[in-house]
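Enquirer: build me a model:
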Amino acid sequence: MDHLVTACADEVDRLYQTVGRSGCCIVLSDRDGIVLDRRGAAGDDADFRELGLWQQNVWTEASVGTNGIGTALADERAVIIHRDQHFLSANIGLSCATAPIRDHMGRVAAALDISTCRTDVTDMTLSILSQAVRDVAARVEATLFRNAFPGARIIMVPTAHAATAALIAVDFDDLILGATKAARTALKLDDQRIAQGLPAADALLESRGDASSDLDDAERAALRRALSRTNGNVSQAAQVLGISRATLHRKMKRYSLQ
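Expert: Numbers count the residues shown, from 1 in each chain. All right, here's what the predicted structure looks like:
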């Protein structure tokens with residue numbers, strides 16, 4: 001899980017700098033509820049370690065009942081578990097705000113949790129902590145997605161209500177390589193459709209005419225790129241494309257590029 005810990009490290013550090021001094025502990029677990037990494041003030045470590053918020057401890061619902069990490073993983077959604085909402089009496093001093101983290105295939109891969117033992121924590125405070133942990137989880141998901149598809153073009157899919165980034169990775173031929181959970185939901189994608197090689201233009205319902213125009217679109221795009229790279233110099237662009245200057249002029253006229 002080193003790739004996950006590494007992808008989360010900077011975001012977790014920034015989150016801890018924001019909330020750590022207020023008596024909060026930040027915990028990252030894997031999909032099995034096993035604590036991989038944590039942040040906490042040295043003065044609070046003894047209390048959190050006694051409660052089990054420490055590396056290698058297990059926080060699944062099967063192990064300790066209702067709790068932030070286990071419930072977020074089981075329900076695959078962000079949760080707030082406040083004090084006596086915990087199943088075990090040993091944990092009722094905790095208040096937790098937790099969000100799941102999904103991998104590049106939209107599967108739950110981890111959980112990020114903020115826990116506090118403070119007795120004066122309010123519902124408003126927990127709401128703020130919950131929003132903070134969800135924002136960090138969303139940024140980590142985007143990082144994991146980009147890391148999974150190096151060199152691919154990453155496109156943000158417009159969605160109305162997605163709480164996390166809806167991203168698709170597209171190769172040089174405009175075929176979708178992968179999609180986040182939010183993008184899969186918005187575009188009705190699954191592993192099978194992605195594996196078949198779905199054009200991004202089709203998934204995004206872009207209006208490009210019928211299929212017979214694909215070659216024209218590709219040629220027009222190639223001409224525009226060549227002209228852009230040569231700052232509009234037709235002779236140089238023709239050389240780059242390996243065609244004559246007269247041929248390039250005819251093609252430019254055909255596609256209204258003059």
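
Enquirer: show me the shaky parts of the stretch 101-250 of the chain.
Expert: Low-confidence segments of the stretch 101-250 of the chain, defined by pLDDT under 70, span residues 161-163, 207-212.

Enquirer: now the strands: where do they sit in it?
Expert: Remark: strands assigned in the stretch 101-250 of the chain by DSSP state E, counting those that start in this stretch are 108-116, 153-156, 167-170, 176-179.

Enquirer: ok, which of those strands comes nearest Gln239?
Expert: Proximity to Gln239, assessed across the strands of the stretch 101-250 of the chain by Cβ to Cβ, is greatest for strand 153-156 (27.1 Å). C-beta: built from backbone N, CA, C; applies to glycine.

Enquirer: the domain parsing of this structure - what is it?
Expert: Here the domain parsing of the chain from automatic domain parsing is 2-148, 153-203, 212-254.

Enquirer: quick one on the thing from earlier: now the strands of the stretch 101-250 of the chain in JSON lines, with distance to Ala62 and mean neighbour count?
Expert: As requested, those are exported to JSON lines (distance: least, Cβ to Cβ, whole Å; neighbours: other Cβ atoms under 10 Å):
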{"stretch": "strand 108-116", "distance to Ala62": "15", "mean neighbour count": "26"}
{"stretch": "strand 153-156", "distance to Ala62": "37", "mean neighbour count": "15"}
{"stretch": "strand 167-170", "distance to Ala62": "32", "mean neighbour count": "23"}
{"stretch": "strand 176-179", "distance to Ala62": "31", "mean neighbour count": "24"}
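
Enquirer: Leu28: which of those is closest?
Expert: Taking Cβ to Cβ, strand 108-116 is the member of these nearest to Leu28, at 5.6 Å.

Enquirer: direction included, what does the closest one pair against?
Expert: Here strand 108-116 is paired, per DSSP bridges, with strand 24-30 (antiparallel), strand 95-102 (antiparallel).

Enquirer: excluding chain neighbours, what is closest to Cys25?
Expert: Closest residue in space to Cys25, ignoring its immediate chain neighbours: Gly40 at 4.1 Å, by Cβ to Cβ, 6 or more residues apart in numbering.

Enquirer: does the one you found touch Gly20 like I think?
Expert: Yes. With contacts counted by Cβ atoms under 8 Å, Gly40 reaches Gly20, the gap being 7.1 Å.

Enquirer: between these two, which is the more surrounded one?
Expert: The neighbour comparison of Gly40 against Gly20 (other Cβ atoms under 10 Å) goes to Gly40, with 20 against 17.

Enquirer: and the more buried one, what does it touch?
Expert: Gly40 sits next to Tyr16, Gly20, Cys24, Cys25, Ile26, Phe48, Leu53 when contact means Cβ atoms under 8 Å, 6 or more residues apart in numbering.

Enquirer: now do the fifth one, the pLDDT please.
Expert: In the predicted model, Ile26 carries a pLDDT score of 95.

Enquirer: got phi/psi on the closest residue in space to it that isn't next to it in sequence?
Expert: Once flanking residues are discounted, Ile26 sits nearest to Arg39: 4.3 Å by Cβ to Cβ, 6+ apart. When read as degrees, to the nearest 10, the backbone of Arg39 gives phi -130, psi 140.

Enquirer: for Arg39, what are its contacts?
Expert: Listed by Cβ under 8 Å, 6+ apart, the contact partners of Arg39 are Val12, Asp13, Leu15, Tyr16, Gly20, Cys25, Ile26.
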